[in-house]
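Student: Predicted model, plus sequence, below.
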Amino acid sequence: MPMGRVLAMLLLLAARAGVPCATAGVTSPYRRSLQMLPDMPLDADVFRPPPGFNAPEQVHITLGDQTGRAMIVSWVTPEHAGSNVVRYGLSAHHLTFTAEGTVQRYTFGPSYKSGYIHHATLTDLEYGTRYLYRIGFGYAVRTFSFKTPPKPGPDVPFKFGLIGDLGQTYHSNDTLTHYEASNADAVLFIGDLSYADNYPQHDNNRWDSWGRFTERVVAYQPWIWTTGNHELDFVPEIGETEPFKPFRNRYPTPFAASGSTQPHWYSVRMASAHVIVLSSYSAYGKYTPQWAWLKAELARVDRSVTPWLVVCVHSPWYNSNDYHYMEGETMRVQFEQWLVDARADLVLAGHVHSYERTHRVSNVAYDVANGKATPVLNGSAPAYVNIGDGGNIEGLADKFRWPQPDYSAFREASFGHATLEIMNRTHALYQWHRNDDGVKVVADEAWFTNRHFLPTDTN
Ligand SMILES: *[C@@H]1O[C@H](CO)[C@@H](O)[C@H](O)[C@H]1NC(C)=O
Ligand SMILES: *[C@@H]1O[C@H](CO)[C@@H](O)[C@H](O)[C@H]1NC(C)=O
Ligand SMILES: *[C@@H]1O[C@H](CO)[C@@H](O)[C@H](O)[C@H]1NC(C)=O
Ligand SMILES: [Fe+2]
């Protein structure tokens, strides 16, 4: 066991006394492990390249269309381009379909040059079906599998994992391990992937190591990507002025399928959920492409087919932590009324390295003249969840603001992940898991009732 890990385990902080709270919300006094753990070293087991010359590595998948009848497979070959073909089918002996991909490389700063990055879109898939797929050539062939999401419909159950701000520390590894035990079907990833930008010149080898680390999950189920500030990689000092360059080269999204013009905002419809992904770090003011897209997109949501309307955005609109306080405010002012009018069920954010869940709340009465700037509990409004607790190198955000606002239902500075298990058109079970507990232990839980089909229910 590495030294840092041993130290962290010895140094469990003593249980913090709970601070009394004037409102109904809970600030958990739960003891947590030491805040800062380093990134796992590059020779850690999770970063080991697969055996074989030029073996495909960093394999990951995401939807290739809006509903999952296509899947994009991405991978990197380190030495040369190699084969660009994915063979796929219903069993290992019947990989009857092939998809031809694209290959590209990029440079970053004065010294980094990526491996050969491949993306291939597997098409004509059936819903709710397990496929095997094979990539590579010669002695370095690798086989994986995934299950496509079920056909969209109002009562189709589906379980999402919710992970944000993951990074690549020992805590990140715990989060991924605990997530694996949750047996979910797909992840809504709420931004901030590798934290490679914490290294000099944003050492993009840490993008590669992150790709190898997460492969054990994301090669087998689609992750839906939201971009965070750590994907910006804007470093003019070393000539890197194209925002999101590593992310865009490595992590495609099916944005065109939902009429979007950029990978950073788009929607997918999986089972009974319509998921909208927004970008905190792209323009969203009135008349901008993202603003125009969201306006049109909300009009396209059909709750009779996909009752659950879930929005993912990196920078939170409601967050009672000092860390990044109010950074999401301008976007809230721009879009909150639309989401309340659309009766969105849930807004997921990350960015703040802590966990928080709100009651249904809105703050839409304010204009610059009337002074009504207090958020109010509002049954038409979404609940907000901050899930920026994946466990990255920057440590926990443990300075909550006091008193705890009325809208804040539960908050705790621990690392973990959550799941959203949609049962049918009216009920979804939401659960948060802290890493310090054993796998499958639930530390915060809520039943959400659907804002379209049960609009007056108080949950
Ligand atoms: C990461 O977690 C996996 C699964 O629990 C474990 O096998 C592996 O040894 C861990 N790696 C490190 C570096 O902690
Ligand atoms: C909740 O928001 C809706 C939509 O903006 C508004 O019509 C309603 O009055 C609000 N309810 C409360 C209790 O503020
Ligand atoms: C929806 O799921 C909830 C929770 O499992 C259950 O109580 C409810 O009866 C279900 N509704 C229908 C119409 O099946
Ligand atoms: Fe962030």
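Tutor: Okay, I see it. Numbering: from 1, shown residues only. Ligands and ions are numbered 1, 2, ... in the order given.
Student: Excluding chain neighbours, what is closest to the residue in the stretch 1-150 of the chain that ligand 3 sits nearest to?
Tutor: Going by Cβ to the nearest ligand atom, ligand 3 is nearest to P150 of the stretch 1-150 of the chain, at 16.4 Å. The way it works is simple: take the backbone N, C-alpha and C, and place the C-beta from them, glycine included. Leaving out its chain neighbours, the residue that sits closest to P150 by Cβ to Cβ, 6 or more residues apart in numbering is G128, at 4.1 Å.
Student: what mean pLDDT does stretch 420-433 have?
Tutor: Across stretch 420-433, pLDDT averages out at 98.
Student: what comes up buried for it?
Tutor: For stretch 420-433, the neighbour count (16 or more other Cβ atoms under 10 Å) marks 420-422, 425-428, 430-433 as buried.
Student: Doesn't R206 lie inside a helix?
Tutor: Yes: under the criterion used here (DSSP: H, G, I helix; E, B strand; the rest coil), R206 sits inside a helix.
Student: I figured it was touching L193, is that so?
Tutor: No: using Cβ atoms under 8 Å, R206 is not in contact with L193; the gap is 10.1 Å.
Student: The two - which one has more neighbours?
Tutor: L193 (28 against 23; other Cβ atoms under 10 Å).
Student: The more buried one contacts E231, doesn't it?
Tutor: Yes: shown here, L193 and E231 form a contact pair, counting by Cβ under 8 Å, at 6.6 Å.
Student: list residues touching both of the two?
Tutor: Common neighbours of L193 and E231, counting by Cβ atoms under 8 Å, 6 or more residues apart in numbering, are F247.
Student: that older thread, and the residue of the stretch 1-150 of the chain closest to ligand 3, what does it touch?
Tutor: Residues in contact with P150 (Cβ under 8 Å, 6+ apart) are 127-128, 156, 158, 271.
Student: try 6 Å this time
Tutor: Counting by Cβ atoms under 6 Å, 6 or more residues apart in numbering, P150 touches 127-128, 156, 271.
Student: and it, what element?
Tutor: Under the criterion DSSP states H and E, no helix or strand holds P150.
Student: Can you tell me how far it is from ligand 4?
Tutor: 32 Å (Cβ to the ion, to the nearest Å).
Student: And S304, by the same measure?
Tutor: 35 Å.
Student: Please, where are all the helices along the stretch 201-350 of the chain?
Tutor: Ranges of helices in the stretch 201-350 of the chain, per DSSP state H, counting those that start in this stretch, are 205-218, 245-250, 289-300, 329-341.
Student: Please list the outside residues in contact with the shortest one.
Tutor: In other words, helix 245-250. If you take Cβ under 6 Å, 6+ apart as the criterion, helix 245-250 is touched by 106, 117, 204, 207, 231, 233.
Student: Quick check: chain neighbours aside, which residue is closest to F47?
Tutor: Once flanking residues are discounted, F47 sits nearest to S209: 4.5 Å by Cβ to Cβ, 6+ apart.
Student: burial of that neighbour, as a residue count?
Tutor: 24.
Student: tell me the pLDDT at it?
Tutor: For S209, the pLDDT comes out at 98.
Student: Over to the one 5 residues further on?
Tutor: At T214 the predicted local confidence, pLDDT, stands at 99.
Student: Residues of the stretch 301-450 of the chain that sit close to ligand 4?
Tutor: Residues of the stretch 301-450 of the chain lying near ligand 4 by Cβ under 5 Å from the ion: H351.
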